[in-house]
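>>> Got a predicted structure here, sequence first:
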Amino acid sequence: MLIVLTCILVPVALLATWVHDIALDTDRYVATVSPLAQEPAIQDAAVHRITEAVGTKVNGPQAAADLGNWLQSQGLPPRAADAVRMLGPQIDAVVQQTVTKAATRVVQSNVFEKVWTAANRDAHQAVVHALTGEGRGAFGVKDGTVTLDVGTAVDRVKKDLVDAGISPASKIPDINKQMVLFQSDELAKARKGAHLLDVVGNWFPVLVVVLGVAGVMLARHRRRALARTALGAAFACLVVAIGLVVARHYYLDHLPPQVQSRAAAAAVFDTLLRFFRVSLRTAVVLGVVIALGAYFTGPGRLPVAVRGASDHTADSAARWAAAHHITTGPTGAWARDHRRPLTLAVLLVVVLVFALWNHPTVLTILLLVLVLLAVLAVLALLAASGRAAGPAPPPGAASPPVSGPPADKG
């Protein structure tokens with residue numbers, strides 16, 4: 001029961017860690033979302049949104065009509081005034097192009113990146129509680145919709161338009177234009193669960209590890225139980241990873257009208273879940289590695305053959321070294337006599353390093369496995385060198401007599 005519960009709770013523990021890190025670690029959250037400012041899909045969506053915000057405040061036909069009326073009042077012939085009034089659509093088109101160019105220039109510069117990063121950092125508490133339904137500052141969460149205020153970028157575009165000679169842009173009022181980043185009807189339903197995961201934080205993974213260790217220790221065949229626990233947890237994480245792929249496709253295929261850019265929604269979805277996906281992949285690889293380790297330390301025919309071949313290779317290398325007068329001296333004999341506790345100590349050190357590693361990845365596991373194999377190979381060579389030097393004398397054995405000249409009886 002403990003082993004089954006452990007396998008089920010491993011992906012839940014990873015989810016709890018992801019929520020905890022994204023919610024409470026401002027630097028990690030900002031590092032997660034900052035690259036989005038350079039995403040072409042996000043930039044295109046921001047340009048469209050800023051252009052839309054500015055464009056709604058500049059009325060070309062009205063401006064042309066006002067200009068035509070004023071010119072007619074100053075003595076311009078009515079036909080000429082009518083011609084000026086007909087310039088409204090052209091004014092709209094020119095203003096639209098100018099606004100789009102200004103917005104593109106702002107978004108593709110470091111100005112937008114700074115605005116994006118500052119807004120995310122200042123409003124971190126709002127995004128932190130995106131799953132709990134609370135929002136503040138530039139970010140807002142309401143009815144399952146997460147929005148970002150792009151008013152600062154709109155103000156910059158307004159200034160560039162005025163500098164470019166488009167004086168009507170100076171009449172653009174201060175606005176708080178919202179850009180929809182994420183929308184899901186399920187967000188409200190997940191708030192209570194997300195809050196609970198946030199509360200348990202880092203303690204939940206520790207509890208899952210304790211449950212797994214207890215299950216393995218209580219099992220009749222511990223090595224087999226360890227392998228099954230590792231494979232079961234890896235399978236559970238694989239199922240969740242596949243579920244994320246399905247959920248991504250479902251979400252993008254059912255985007256609400258508020259989300260104007262499918263590519264931008266996909267970029268936000270992938271970025272926010274990137275570390276959770278990495279954690280799932282890491283758990284899958286770790287489970288397979290632990291299961292293989294448990295198998296190759298067992299009594300099976302293949303593990304015995306592999307270990308025998310390794311020792312035979314180490315003995316051959318030690319005999320070759322001894323033939324060339326290369327020995328390890330007392331170190332080899334000590335390693336031979338203490339090989340098992342040394343192996344356990346090295347394994348515990350590797351486990352401790354992995355446990356203390358900040359957000360390990362698949363590369364972390366592969367690196368630690370290579371280091372472990374290298375150290376075990378060195379221990380095997382040292383032990384083989386000790387065996388080549390001869391077996392250790394049994395405890396309490398008498399020392400051999402010292403040869404010398406016969407005693408004088410005279």
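Happy to help now that I have it.

>>> Would you confirm that residue 337 contacts residue 386?
Yes. The pair residue 337 / residue 386 is scored as a contact, 7.4 Å apart, by CB atoms under 8 Å. Every C-beta, even on glycine, is put in place using the N, C-alpha and C of the backbone.

>>> in the chain, what secondary structure element scores lowest on mean pLDDT?
strand 139-142 (a mean of 55; mean pLDDT, DSSP states H and E).

>>> In terms of packing, which of residue 337 and residue 386 has more residues around it?
Between residue 337 and residue 386, residue 386 has the larger neighbour count (other CB atoms under 10 Å), namely 25 against 13.

>>> Give me the buried positions along the strand or helix carrying that one.
According to DSSP states H and E, residue 386 maps onto helix 362-388. The neighbour-count check on helix 362-388 (16 or more other CB atoms under 10 Å) flags 364-365, 368-369, 372, 375-376, 379-388 as buried.

>>> same question, stretch 278-287
Applying 16+ other CB under 10 Å to stretch 278-287 flags 278, 279, 280, 281, 282, 283, 284, 285, 286, 287 as buried.

>>> Return the member of those nearest to residue 9.
residue 283 (11.6 Å; CB to CB).

>>> Verify the contact between the closest one and residue 13 for me.
No. Taking contacts as CB under 8 Å, residue 283 lies outside contact range of residue 13: 9.1 Å.

>>> Please tell me how far residue 336 sits from residue 246.
Counting by CB to CB, to the nearest Å, the gap from residue 336 to residue 246 is 54 Å.

>>> Spatially, which residue comes closest to residue 353, not counting chain neighbours?
Residue nearest to residue 353 in three dimensions, not counting chain neighbours: residue 368, with 6.5 Å by CB to CB, 6 or more residues apart in numbering.

>>> Identify the residues contacting that neighbour.
Residue 368 is in contact with 350, 353, 354, counting by CB atoms under 8 Å, 6 or more residues apart in numbering.

>>> My read is that the first one contacts residue 371, right?
In other words, residue 350. Yes. Here residue 350 reaches residue 371: they are 6.9 Å apart, a contact under CB under 8 Å.

>>> For the stretch 101-250 of the chain, just list every one of the strands.
Here the stretch 101-250 of the chain has its strands, by DSSP state E, counting those that start in this stretch, at 139-142, 145-149, 178-183.

>>> Comparing these by mean pLDDT, which bottoms out?
For the strands of the stretch 101-250 of the chain, mean pLDDT drops lowest on strand 139-142, to a mean of 55.

>>> What mean pLDDT does the helix holding residue 386 get?
91.

>>> cool, stretch 213-226 as well?
For stretch 213-226, mean pLDDT is 92.

>>> List of residues touching that stretch?
Residues contacting stretch 213-226 (CB under 8 Å, 6+ apart): 1, 2, 3, 5, 6, 229, 290, 291, 294, 297, 298.

>>> Surely the third one forms part of a helix?
Think residue 3. Yes. Residue 3 forms part of a helix when assessed by DSSP: H, G, I helix; E, B strand; the rest coil.

>>> For it, grab the count of nearby residues.
20.

>>> Kindly report the same for the fifth one.
The burial count assigned to residue 6 is 25, neighbours taken as other CB under 10 Å.

>>> and it, helix, strand or coil?
Residue 6 falls in the helix class when you classify it by three-state DSSP.

>>> contacting residues for it?
Going by CB under 8 Å, 6+ apart, residue 6 touches 208, 211, 212, 215, 229, 232, 233.

>>> now the third one
By CB under 8 Å, 6+ apart, the residues touching residue 3 are 212, 215, 216, 219, 225, 228, 229, 232.

>>> nearest to residue 331, of these?
For the contacts of residue 3, the residue nearest residue 331 by CB to CB is residue 216; the value is 34.3 Å.

>>> what about residue 17, how many neighbours?
For residue 17, the neighbour count with other CB under 10 Å is 20.

>>> do residue 106 as well
When counting by other CB under 10 Å, one arrives at 22 neighbours for residue 106.

>>> I figured it was touching residue 116, is that so?
No. Contact criterion CB under 8 Å: residue 106 and residue 116 do not qualify, at 11.5 Å.

>>> could I get the contacts of stretch 213-226 as a markdown table with pLDDT?
Output for the contacts of stretch 213-226, formatted as a markdown table (pLDDT from 0 to 100):
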| residue | pLDDT |
| --- | --- |
| 1 | 93 |
| 2 | 94 |
| 3 | 94 |
| 5 | 94 |
| 6 | 94 |
| 229 | 94 |
| 290 | 93 |
| 291 | 93 |
| 294 | 90 |
| 297 | 87 |
| 298 | 86 |
